[in-house]
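K.L.:
Return a 3D structure for these sequence lines:
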Amino acid sequence: MNTVKTLLKSKPQSTPCAITPDTTVLEALRLMAERNVGALLVMQHEQLLGMLSERDYARRVAQSADTSVHLPVSEIMTSPVWTVTLQSTRETCMSIMTNKRVRHLPVLDNGRVVNVLSIGDLVKDALNEQEETIHQLEQYVNS
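P.N.:
Okay, the predicted model is just below:
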């Protein structure tokens, strides 16, 4: 059973994208577009305060018709945030994402954010494991 630590070894090393709670929504949306990510960590002095996703912005617009991109992200971010640790399993992560309806999970190591997992990361890992199992079974059958 794959752990988050194992899963992160196959993910390209990068610093998680983070903003402060007073960052404007427009600045955050631009950063998401620039980095090609769907969510940003909202942090203050290395403390995780929340997350801002494209979904958060879309819901804000749909609920209030307020499209003000000059609001601080603290007005629309998701908080508190569901997190996992390096010892968490892929299955645990997928369960949290499914049950809590989130697409990104910050990964904590000793209380410090070290990375972010997306649903895409988990699906890719599951597919890789299935391919490896199929390959092993084919070798077994053919030998």
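
K.L.:
count of residues packed around residue 96?
P.N.:
Counted with other C-beta atoms under 10 Å, the neighbours of residue 96 add up to 17. Heads up, the C-betas are built off the backbone N, CA and C, glycines and all.

K.L.:
which ones are touching the residue lying closest to it once chain neighbours are set aside?
P.N.:
Here the nearest residue to residue 96 in space, its sequence neighbours aside, is residue 82; by C-beta to C-beta, 6 or more residues apart in numbering that works out to 5.4 Å. Neighbour list for residue 82: 96, 100, 102, 105 [criterion: C-beta atoms under 8 Å, 6 or more residues apart in numbering].

K.L.:
now, which of the residues you listed sits nearest residue 71?
P.N.:
The shortest gap between residue 71 and any of these belongs to residue 102, at 21.6 Å (C-beta to C-beta).

K.L.:
Relative to residue 50, how far out is that closest one?
P.N.:
12 Å (C-beta to C-beta, to the nearest Å).

K.L.:
you'd agree residue 43 is in a strand?
P.N.:
Yes. According to DSSP: H, G, I helix; E, B strand; the rest coil, the state of residue 43 is that of a strand.

K.L.:
So which bits of the longest helix seen in the chain are buried?
P.N.:
Taking DSSP state H as the assignment, the helix of the chain that covers the most residues is helix 119-142. Within helix 119-142, the residues that qualify as buried are 119, 121, 122, 125, counting by 16 or more other C-beta atoms under 10 Å.

K.L.:
out of those residues, who's nearest residue 142?
P.N.:
Ranking the buried residues of helix 119-142 by separation from residue 142, with C-beta to C-beta as the measure, puts residue 125 on top at 26.2 Å.
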